[in-house]
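Colleague: Got a predicted structure here, sequence first:
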Amino acid sequence: LTLGSTASIFTANGITYWGVPFIKKTYDLSNKDAALCIGLILTVTGLIGPLMGGFFLDYQLSKKPIITSPIRLKFATKWTFLYAVVGTGIIIPCVLIDSLYILLIGLTLSNLAFILSSPI
C-alpha cells in the first residue's frame with residue numbers, strides 16, 4: 001500500500017508542478033487552458049485508477065486466497081515496479097512527439113498506470 005501510494009503521489013505532484021508550465025510553453029496555451037488539461041487528467045485518473053487497481057487486486061487475491069506477508073510484499077513490489085516502468089515507457093515517447101493530444105493521452109495513461117498500483 002505504501003509503495004503504490006508513494007508512486008501515485010509522486011506522479012501526481014510531478015505532473016501538477018511541471019505539466020502546466022510545460023504545456024503552456026510548448027503548445028502556446030493560456031495558463032487557464034493548460035491547468036484545465038492537467039486538472040482533468042488528474043481528476044479522471046484519480047477516480048478510475050484506484051477502482052481498477054482494487055478490482056485487479058481482488059482478482060489476483062481470489063486466485064490465491066491464503067497469502068502470507070512476505071509473499072504479499074513481493075507481489076506489491078513487483079506490480080508497483082511494473083507500473084512505474086510502464087508509466088515511464090508511455091510518457092517518454094509522448095513528450096518527444098509534438099502533438100498536444102498525444103501528450104494528454106500519454107499523461108493520462110501514465111498517471112493511470114501509477115495510480116493503479118495504489119491499492120496494491
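Modeller: Received the coordinates, thanks.
Colleague: count of neighbours near Met52?
Modeller: A count of nearby residues for Met52, using other CB atoms under 10 Å, gives 14. C-betas here are computed from N, CA, C, even on glycine.
Colleague: can you pull the buried residues of the host helix or strand of it?
Modeller: Using DSSP states H and E, Met52 sits within helix 31-63. Residues 34-35, 37-38, 41-42, 45, 49-50, 53, 57 are the ones in helix 31-63 that count as buried (16 or more other CB atoms under 10 Å).
Colleague: quick one: the host helix or strand of Ile92 to helix 31-63, angle?
Modeller: Remark: Ile92 resides in helix 69-96, with elements defined by DSSP H and E. Counting by axes from the mean of the first three to the mean of the last three CA atoms, to 10 degrees, helix 69-96 lies at 150 degrees to helix 31-63.
Colleague: Counting by contacts, list what helix 69-96 packs against.
Modeller: helix 2-27, helix 100-116 (3 or more CB pairs under 8 Å, 6 or more residues apart in numbering; DSSP states H and E).
Colleague: model confidence over that helix, on average?
Modeller: Per-region confidence: helix 69-96 scores 73 on mean pLDDT.
Colleague: Ok, stretch 22-35 next?
Modeller: Stretch 22-35 shows an average pLDDT of 88 in the prediction.
Colleague: And it, end to end?
Modeller: 11 Å (CA to CA, to the nearest Å).
Colleague: how would you label Leu29: helix, strand or coil?
Modeller: coil (DSSP: H, G, I helix; E, B strand; the rest coil).
Colleague: Compute the distance between the residue lying closest to it once chain neighbours are set aside and Leu40, please.
Modeller: Leaving aside its chain neighbours, Leu29 sits nearest to Ile23 (5.9 Å; criterion: CB to CB, 6 or more residues apart in numbering). With distances taken as CB to CB, to the nearest Å, Ile23 is found 12 Å from Leu40.
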